[in-house]
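1. Fold the following for me, if possible:
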Amino acid sequence: MALAGLTAVGWVAFNLITGANQWLQTIYAPLSVLVIGYPCGIGLSTPPVKMRAISIAAEKGVLINDASALFAITKADTIVLDKTGTITEGRPRVNKIVTFGGRSKQLTLEHAVSIEMGSSHPIANAIVEEAKKNGIKLKASALNTKQFPGKGVKGSLNGGYEIIIGTQEFLKEQGIDTTANLTEEESQKIQSIDSPVFVAFNGKLEGVFGISDNIRQGIKSTIKHLMQTGFNIIMLTGDTKAVAEKVASTLGIRFEARMSP
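-> This next block holds a predicted model:
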């Protein structure tokens, strides 16, 4: 410490006497003496500093996965945001139900909720809440339920009837034709739904749920501030292009839709 102090005094005196503009050396030179003279102290002090920085960030709602990110983030020029639960409130709700083949909304909801009642996914919660609003009693959940991240879910009821819920592409993967035997009016109804969730029962399309989610209060001003700071903002979502474009245009940011987890 004494040598480091003398080194600092020496460089200050050098700059003042000679008029040299090497004031950074007044900091770097004493640090070099400390590192060479007592490297263990520097090595031991670094992890607590990193941990403290990460804990301060966590208190402010920022989760850091790796301490190396503390150094890398200073070079970041782009912020990527998820849509559901970050840009939006994360509390989707069912705003429309379209049924096919003479099915009632009640029956379609019963079939859907039997699959979704065991899931914690926001869309599953929206379907369960809609079922409760319509007075549907939550019975035993479906058997052999299997989740397909970013796509949907399927399971079976007593009697072997299979229920599949998810995106239009997912139903097609499962061998369900989502356009067969539909009238032009029914096709237009599906196209008018921004975030459609398809329901198939026993190999046939039974209905479509329209899902909506409000933009989070205050997010617009936050994004505007980040953009003024110099960051590029990109929104990623597994939702349809129509929904993503509507949200992104409201906030004035770029987006990528139909993204997998």
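2. just for the stretch 101-250 of the chain, where's the confidence low?
-> Scanning the stretch 101-250 of the chain for pLDDT under 70 picks out the ranges 140, 159.
3. residue ranges of the helices in it, please?
-> In the stretch 101-250 of the chain, the helices defined using DSSP state H, counting those that start in this stretch lie at 105-116, 122-133, 168-173, 184-191, 219-229, 241-251.
4. Quick check: which of those is buried the most?
-> helix 105-116 (a mean of 22; mean count of other CB atoms under 10 Å). Quick note: C-beta positions are derived from backbone N, CA and C, even for glycine.
5. just to revisit the earlier point, between the helices of the stretch 101-250 of the chain, which gets nearest to Val35?
-> For the helices of the stretch 101-250 of the chain, proximity to Val35 was assessed by CB to CB; helix 219-229 is nearest, at 33.9 Å.
6. contact partners of the closest one?
-> Ile79, Ile87, Ile233, Thr250, Leu251, Gly252, Ile253 (CB atoms under 8 Å, 6 or more residues apart in numbering).
7. okay, among those residues, which ones form the most distant pair?
-> Across those, the longest distance by CB to CB is 17.3 Å; it joins Ile79 and Thr250.
8. just to revisit the earlier point, could the helices of the stretch 101-250 of the chain be laid out in TSV, adding distance to Gln25?
-> As requested, the helices of the stretch 101-250 of the chain are exported to TSV (distance: least, CB to CB, whole Å):
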stretch	distance to Gln25
helix 105-116	66
helix 122-133	57
helix 168-173	63
helix 184-191	69
helix 219-229	32
helix 241-251	47
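9. Quick one: closest of these to Thr145.
-> Closest to Thr145 of the helices of the stretch 101-250 of the chain is helix 105-116 (CB to CB; 6.3 Å).
10. Now do the closest one and helix 122-133, the angle between them.
-> Interaxial angle of helix 105-116 relative to helix 122-133 (axes from the mean of the first three to the mean of the last three CA atoms, to 10 degrees): 140 degrees.
11. Give me the distance between helix 105-116 and the centre of its chain.
-> Once both centres are worked out by CA atoms, centre = their mean, to the nearest Å, helix 105-116 turns out to sit 27 Å from its chain's centre.
12. Kindly export that helix (C-alpha atoms) in CSV.
-> C-alpha atoms of helix 105-116 as CSV (Å, rounded to 0.1, in the frame of the first residue of the first chain):
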residue,chain,number,x,y,z
LYS,A,105,-69.8,-23.4,-27.1
GLN,A,106,-70.5,-25.2,-23.8
LEU,A,107,-69.4,-28.6,-25.1
THR,A,108,-66.3,-27.2,-26.8
LEU,A,109,-65.3,-25.4,-23.6
GLU,A,110,-65.9,-28.7,-21.6
HIS,A,111,-63.6,-30.6,-23.9
ALA,A,112,-60.9,-27.8,-23.9
VAL,A,113,-60.9,-27.3,-20.1
SER,A,114,-60.6,-31.1,-19.5
ILE,A,115,-57.2,-30.8,-21.2
GLU,A,116,-56.1,-27.4,-20.0
